[in-house]
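>>> Need coordinates for the following:
(one chain, ligands or ions: 1)
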Amino acid sequence: GIEPAVDYITRITHAYDYDAATPGNGYRSILTVVHKCTAHILQLCRYITLNRDSFLFRGGHYSRELHAYVTTLGQLRACLFYLQKLSTYTSQGELMPDEDKLSTEDFKTAEELMIEVENLDQETFYGRCLAFQYCQSMQKPLTTINLVMASFSEGYTQSSTVMKFANSIIGGSKYVMDPESRAARVVNVTRNGDINFCKAFWQMNEHPLMHNLPLFICPPVRLDKVLILPADDFEIDLLSGEAATITVPCVHTGPAPVHTRLISYELREGQVSMRPQVKTSWSIVLQEQWLPDLSENVARAVAPMSHALLIHIHGGGFVAQSSASHEVYLRHWAKELNAPVLSIDYSLAPENPFPRQLEEAFFAYCWAVKNSRLLGSTGERICIAGDSAGGNLAVAIAMRAKECGIRQPDGVLSTYGSMLVKYSPSPSRILALMDPLLPIGILSKCLAAYAGIRVEGGLKFPKSCSTSDFGSALVPDFDQRVKGGSPDSGCCLAEKSMSHKATSSTDSGFIEGEDPAKESSDDERVSQLVQQLKDGAHDVDQSLRNRPLKHSPSQPNFSTFHHSSTPVTSAPLFAKIKEEETEPSPMSLFHHMPLAKNPYMSPLLASDKQLEDLCPVYLVACQLDPILDDSIMFARRLRALKQPVHLDVLPDLPHGFLNFVLISPEAKKASELCISRMLEVL
Ligand SMILES: CCCCCCCC/C=C\CCCCCCCC(=O)O[C@H]1CC[C@@]2(C)C(=CC[C@H]3[C@@H]4CC[C@H]([C@H](C)CCCC(C)C)[C@@]4(C)CC[C@@H]32)C1
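Numbers count the residues shown, from 1 in each chain. The predicted model follows:
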């Protein structure tokens, strides 16, 4: 049965918590999912037992439900097995061990683990059971997003918009009633689709209609404009009293202005909106944006400058989204914080890989520090807040400001931020097997896009990917950095074409003998499943132990990094394995890549010196988030250095909850927690 594994993980999990008052780590997360799944099965069984003789009892429906949850429990058992494996080579409390310190044998175990996890069948998590692990208010929205994703993929390859739309509607309608085929489609496109598919889908809510509609229920603000910062170098005072020049971002794609959005609940003294609208003397270009009816607001007096300023960096896996799609909560923040919000619209990967985003965000930060009065703030207190990929950039900006001797923000808030942008295993990352927003295939592709790695036909390194090239814009040597950005390093872009491949998912690997397509009467199946549960099914752990590493037929396509444009079938599996033997694994490739050690890409890898004297860091993480361990480890790291740090771990919410504040009371509450953390800074 599943109990020994559950007992084992339960015994060790507390050692990985940040502290007793803040329980939360990847081990705990998977345990929670197991408990929720078991509770759901028990509830189903109880319902079936009580109602199976009723005339209205929908036998077929409940049989399929039970089948789905039992299969899911089987896959969760596999996850528990991987957790046990992970715990064998990580020392006490370490969720992401330092790979340089691992023995060759342990490194190999980690590599094998990544391959096995990638090969585990995901479909059961994306079918009937999708999103069962989250609070109720999030379940429907997440299922809808997956449904829309499956439908969207049907029209994606069409060139005309009309055809795209028609194909999505016609092709997608079959997914409404059939969660299994939706699951197959979602797993297929997230594993095999290229990064541009993910980008295109994630940009859906950037459409003016999708974006403006929800804003009707947000607090109206008096200022909501795009500010394009001038593409000119400028001087900034250092804490030492000297001055330094901040140069225009130019790495990879050349110098260009940085786009930002200024959101202010009040019109404030000195604020740019009070000035002429086109090109001003200080050459900031203002673009009119949609604003709510201001008639009521006009009567209100111009407020004095706020003593506070919030600088915001949006998430989107470094590849998508913008300040506009994050307005649903930013307007509320602007009101509650009583401070102007400057949200940075950095350039996106894969067209602009690391460190372009950081260059731009740092440039905008310095500009805001220098020109806070134009934003309606005296700049006395400054907070940088970022979610997801933005949380990573927010911490990196503070580190960089410290390193350069520029005024640091008074605090950083990272909400479900990513602190180790590296292809490495961790307990919470196993959750990417079942995450409706961040499935494993998409997560790996965001990582590759940010690192400038070509995905097609295996990992390809950027032409000039060396520490010197990427580091040139980020080297600690300030002199070198302020002289200008690094030259275009000629990074390869991810493959452009998207191919929908048939993924073989015949073998769930864990609930053997249970073919969903197999005909058997509903009653029979229910009884069989209940019996199977009672007996503890077959020995999954044993079957896992015996499973040869490279023979994982559940997902013949070896890993996301190896997806090629050739259709995937189970037949050429062995040919593929042969090919793999000559190639290092993605984990090993990443491990040897100098860029992946860059602390500005992965703040968790920063040296003690780089983290000492950093401003206070507030981390808000979600228990059911694949990148939860990033926050836990970063908090532990800062605490060990006696740095001011505060960690909150929220239960039942998914990664990206801020985007759902308008529809989920739990997400709204969590956003309020973020506000209170920012108020502590401001
Ligand atoms: C053992 C496993 C190993 C795994 C190895 C992988 C290791 C990878 C390590 C590090 C990689 C780091 C990558 C960076 C992390 C990025 C995190 C990160 O930034 O994640 C964000 C990505 C965008 C998004 C998904 C999100 C939140 C909200 C989402 C939005 C909500 C609504 C939006 C829809 C388009 C609206 C459609 C409406 C429809 C009518 C229903 C939607 C879904 C757009 C996407 C976002 C989280």
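
>>> how much space between the closest residue to the ligand within the stretch 501-650 of the chain and residue 361?
Closest residue of the stretch 501-650 of the chain to the ligand, Cβ to the nearest ligand atom: residue 627 (6.0 Å). To be clear about C-beta, it is placed using only N, CA and C from the backbone, and glycine gets the same treatment. Separation of residue 627 from residue 361 (Cβ to Cβ, to the nearest Å) stands at 19 Å.

>>> What of residue 421?
15 Å.

>>> Give me every residue in the chain lying close to the ligand.
Taking Cβ under 6 Å from any ligand atom as the contact definition, the chain meets the ligand at 114, 117, 144-145, 148, 202, 204-205, 315-317, 320-321, 388-389, 418, 421, 423, 425, 429-430, 432, 437-438, 440, 443-444, 446-447, 655-656, 659.

>>> Can you mark which positions in the longest strand along the chain are buried?
Across the chain, the longest stretch assigned as strand under DSSP state E is strand 377-387. By neighbour count on 16 or more other Cβ atoms under 10 Å, the buried set for strand 377-387 is 377, 379, 381, 382, 383, 384, 385, 386, 387.

>>> what's the offset of it from the middle of its chain?
In terms of Cα atoms, centre = their mean, to the nearest Å, the centre of strand 377-387 is found 23 Å from the chain centre.

>>> The next helix-or-strand element following that strand - what's its average pLDDT?
Using DSSP states H and E, the next helix or strand after strand 377-387 towards the C-terminus is helix 389-404. The average pLDDT within helix 389-404 is 97.

>>> Need the phi and psi values for the residue in the stretch 351-500 of the chain that the ligand sits nearest to.
For the stretch 351-500 of the chain and the ligand, the shortest gap (Cβ to the nearest ligand atom) falls at residue 388, measuring 2.9 Å. Backbone torsions of residue 388, given as degrees, to the nearest 10, read phi 60, psi -120.

>>> Residue 231 too?
According to degrees, to the nearest 10, residue 231 has phi -80, psi 60.

>>> quick one: it from residue 431, how far?
Residue 231 is 41 Å from residue 431, by Cβ to Cβ.

>>> Comparing these two, which residue is more hemmed in?
residue 431 (28 against 15; other Cβ atoms under 10 Å).

>>> Surely the more buried one and residue 622 touch.
No - counting by Cβ atoms under 8 Å, residue 431 does not reach residue 622; the two are 10.0 Å apart.

>>> Identify the bridge partners of the nearest residue to residue 370 once chain neighbours are set aside.
Counting by Cβ to Cβ, 6 or more residues apart in numbering, residue 370 lies nearest to residue 236, which is 5.4 Å off, once chain neighbours are set aside. Beta-bridge partners of residue 236, counted by DSSP bridges, are residue 244.

>>> Can you give me the neighbour number for residue 236?
Using other Cβ under 10 Å, residue 236 is surrounded by 18 other residues.

>>> Need the single longest helix in this protein, by residues.
helix 59-89 (DSSP state H).

>>> buried sites along the helix or strand immediately after that helix in the chain?
Per DSSP H and E, the first helix or strand lying C-terminal to helix 59-89 is helix 104-119. Buried residues in helix 104-119, counted by 16+ other Cβ under 10 Å: 107-119.

>>> again with stretch 255-272
Buried residues in stretch 255-272, defined by neighbour count with 16+ other Cβ under 10 Å: 257-268, 270-272.

>>> With stretch 59-71 instead?
For stretch 59-71, the neighbour count (16+ other Cβ under 10 Å) marks 62, 63, 64, 65, 66, 67, 68, 69, 70, 71 as buried.

>>> Taking the buried residues of strand 377-387, tell me the two that lie furthest apart.
Farthest pair in the buried residues of strand 377-387 (Cβ to Cβ) is 379 and 387. Separation: 22.9 Å.

>>> Contact partners for residue 261?
Neighbour list for residue 261: 224, 225, 226, 227, 289, 323, 324, 327, 342, 343, 345 [criterion: Cβ atoms under 8 Å, 6 or more residues apart in numbering].

>>> so which strand or helix has it?
Element membership of residue 261 [criterion: DSSP H and E] is strand 258-264.

>>> what are the pairing partners of that strand, and which direction each?
strand 223-229 (antiparallel), strand 341-345 (antiparallel).

>>> how about the nearest residue to the residue of the stretch 351-500 of the chain closest to the ligand, chain neighbours excluded?
Once flanking residues are discounted, residue 388 sits nearest to residue 315: 2.7 Å by Cβ to Cβ, 6+ apart.

>>> sec struct for the one you found, please.
Following DSSP: H, G, I helix; E, B strand; the rest coil, the label given to residue 315 is coil.

>>> residues contacting the residue in the chain that the ligand sits nearest to?
Closest approach between the chain and the ligand, counting by Cβ to the nearest ligand atom: residue 656, at 2.5 Å. Counting by Cβ under 8 Å, 6+ apart, residue 656 touches 315, 387, 388, 416, 437, 438.

>>> for this structure, where's the lowest mean pLDDT among helices and strands?
Least confident helix or strand of the chain, by mean pLDDT, DSSP states H and E, is helix 467-471 with a mean of 33.

>>> Excluding chain neighbours, what is closest to residue 158?
Per Cβ to Cβ, 6+ apart, closest to residue 158 is residue 164, 4.6 Å.

>>> Does the one you found touch residue 170 like I think?
No - using Cβ under 8 Å, residue 164 is not in contact with residue 170; the gap is 11.2 Å.

>>> the more surrounded of those two?
residue 164 (17 against 12).

>>> which residues sit in contact with that one?
155, 156, 158.
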